[in-house]
Each structure stands twice: as C-alpha cells, then as structure tokens.
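Novice: Got a sequence here, can you model it:
(one chain, ligands or ions: 1)
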Amino acid sequence: MLPKYKRVIIKLSGEALAGDAGFGIDPATIQNICLSIKEAKNLGVEIAIVVGGGNIWRGRNGEGMDRATADYMGMLATVINALALQDALENMGVDVRVQTAIEMKEVAEPYIRRRAIRHLEKGRIVIFASGTGNPYFSTDTTAALRAAEIDAEVILSAKKVDAVYDSDPNINPDAKKFTKLSYIDVLNKGLKVMDSTAISLCMDNSIRISVFGLHDPNNIVKVLCGENIGTIVEE
Ligand code: UDP
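Specialist: You can find the predicted model right below:
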C-alpha cells in the first residue's frame, strides 16, 4: 500500500497508553501501539509523536495548587510516557529519539527544530516530550505547533472514540457522527476534537487533523494509506 502522507505527527493522549486501567502505563497497550507505529514507519512515512500525560497527571488535577506548578507536573508526566514509548520502539528495532521542550539532557535531547527534521529525514521516529515547555498549554496545542514547525501534512489524533460526534456516543445512542468538519465548525459548535488554541493554530496554518479510534491499532496504517475512517478536520 502506498502512503498518502510523507510527514505526519501522531498525537497520542496519555490515556491511550493506560489500557483498561485508565491510569498509568500498560506495557501490553504500549506494545500494540508501537507495533502499528513501526508498521506505519515501514510504509516510508516520516513520523513524529507528541505524547500527552493525562494518564499520570493533568494540570487541572491540581485543585488549589498554583496552576503553573501543576502544569509543569503535567509536562514531566509526558516525559515519563515518552521514555516508555522510546523503550518499546527501540525493543522492536526502531530508531527513535526523544526531544524535550524542558531541558533535561541526561534523559533526552533538547528540542531543536532542525535536528528533529534531520532525524526524520534519516528515518528515525522523533518523540516530542514536555509539551510546548510552557504552562497554560496542552499537548494538543503542542501537536499543532510542532506540525507547523516541521511542516507535517496532518495530525493523526488517535482517540478512545472512533470519530468526532455532536455529543458523547457513550451516553447518547443518537449522537451524530461527523466524517468531515471545518475548523470553524469545530470552534463554533464547541466540538471536542482538540482545544480551541490547537484548532486555531491548525486553522491558521492549514494543518489537517484526522481523528480516529485507537481501539484498532491498525487504524494508524489505514489512515496513512488514505482510508476514510473517523473524522477529517480541514478548511
Ligand atoms: N502541559 C502544559 N503545557 C504544554 C503541554 C502540557 O502545561 O505545552 C501540561 C498540562 O498541565 C496538561 C498536562 O501537561 O494537562 C498533560 O498534557 P495533556 O493534558 O495535553 O495530556 P493528554 O490529555 O493528551 O493525555
């Protein structure tokens, strides 16, 4: 199968790594995700990953805490997830580098845009950790920012639900599924695709977002080969 894209960002939420437990890191779940990422890479696609941290800590969990401190804790959580992904991919023989937006050079490379692009050109997977490095942002916004910086054509947003709906399909059996949406629709309707900062950044830079479910890890390869699953958000 021929891939539809040359360079992509895969956004993995922290939750995606947690398996059924809903928190922490489930090695079997990570293994499955990494196997399909490896398969996707073998199609010849350049892949960068932005990983979240919600399976460990989110800034908004820190009730009563200083918000910036709680957000830094969230950013550190993404580093833990990034190292787990790096380890699983390396065990499968995949070349991978973690770059962090908060410098911790004993643990990973600092984020250097041109170096990240060089890794991708050499066929390595790059995992972006620590979000943007700034409190008050999210890893969704990080995915949009890094996609713009490295000139990725699409953000693959792998979620627990299989697409974008007008209401929660787990609660409302009549929830309407969208196959295609514009950025402005997402913002106006307040749909939970990504937060509004991330959507705006994608809109301003014409970065397509492909939302699909990770219940079938093969979906990553399917989307890369142009199969119409889930929801596409674009102009
Ligand atoms: N975070 C931040 N700045 C960033 C990215 C993330 O402060 O640029 C913090 C924020 O507290 C967030 C947490 O890190 O709640 C974990 O990221 P996120 O909630 O996006 O993870 P996900 O929901 O994708 O698992």
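Novice: so Ala148 touches Ser206, yeah?
Specialist: No - in this structure, Ala148 is not within contact of Ser206 by CB atoms under 8 Å, at 9.4 Å. Bear in mind the C-beta positions are built from the backbone N, C-alpha and C, glycine included.
Novice: These two: who's more crowded?
Specialist: When Ala148 and Ser206 are compared for neighbours, Ala148 comes out ahead with 16 against 11, by other CB atoms under 10 Å.
Novice: Please identify the buried residues of stretch 38-55?
Specialist: Residues 38, 40-41, 43, 45-55 are the ones in stretch 38-55 that count as buried (16 or more other CB atoms under 10 Å).
Novice: same check, this time on stretch 223-235
Specialist: Within stretch 223-235, the residues scored as buried using 16+ other CB under 10 Å are 223-224, 229-233.
Novice: Looking at those, point me to the pair that's furthest apart.
Specialist: Pairwise distances among the buried residues of stretch 223-235 were taken by CB to CB; the largest, 16.8 Å, belongs to Leu224 and Val233.
Novice: Tell me the spacing between Ile207 and Arg7.
Specialist: Using CB to CB, to the nearest Å, Ile207 is found at 11 Å from Arg7.
Novice: related to what we said a few turns ago, restrict the buried residues of stretch 38-55 to those near the ligand?
Specialist: Counting by CB under 6 Å from any ligand atom, 52-54 from the buried residues of stretch 38-55 sit close to the ligand.
Novice: Check whether Met194 sits in a helix, strand or coil.
Specialist: Put simply, Met194 is coil when judged by DSSP: H, G, I helix; E, B strand; the rest coil.
Novice: what's around it, how many residues?
Specialist: 24.
Novice: who touches it in this structure?
Specialist: Neighbouring residues of Met194 by CB atoms under 8 Å, 6 or more residues apart in numbering: 138, 140-141, 143-144, 157, 202, 209.
Novice: Now tabulate these in CSV and tack on distance to Asp87 and pLDDT.
Specialist: Putting the contacts of Met194 into CSV (distance: CB to CB, whole Å; pLDDT from 0 to 100) gives the following:
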residue, distance to Asp87, pLDDT
Ser138, 25, 97
Asp140, 24, 98
Thr141, 26, 98
Ala143, 22, 98
Ala144, 27, 98
Ser157, 23, 96
Cys202, 30, 98
Ile209, 28, 97
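Novice: Weed out the non-buried ones from the residues you listed.
Specialist: Judged by neighbour count, with 16+ other CB under 10 Å as the criterion, the buried members of the contacts of Met194 are 138, 140-141, 143-144, 157, 202, 209.
Novice: which among these gets closest to the ligand?
Specialist: Ser138 (3.8 Å; CB to the nearest ligand atom).
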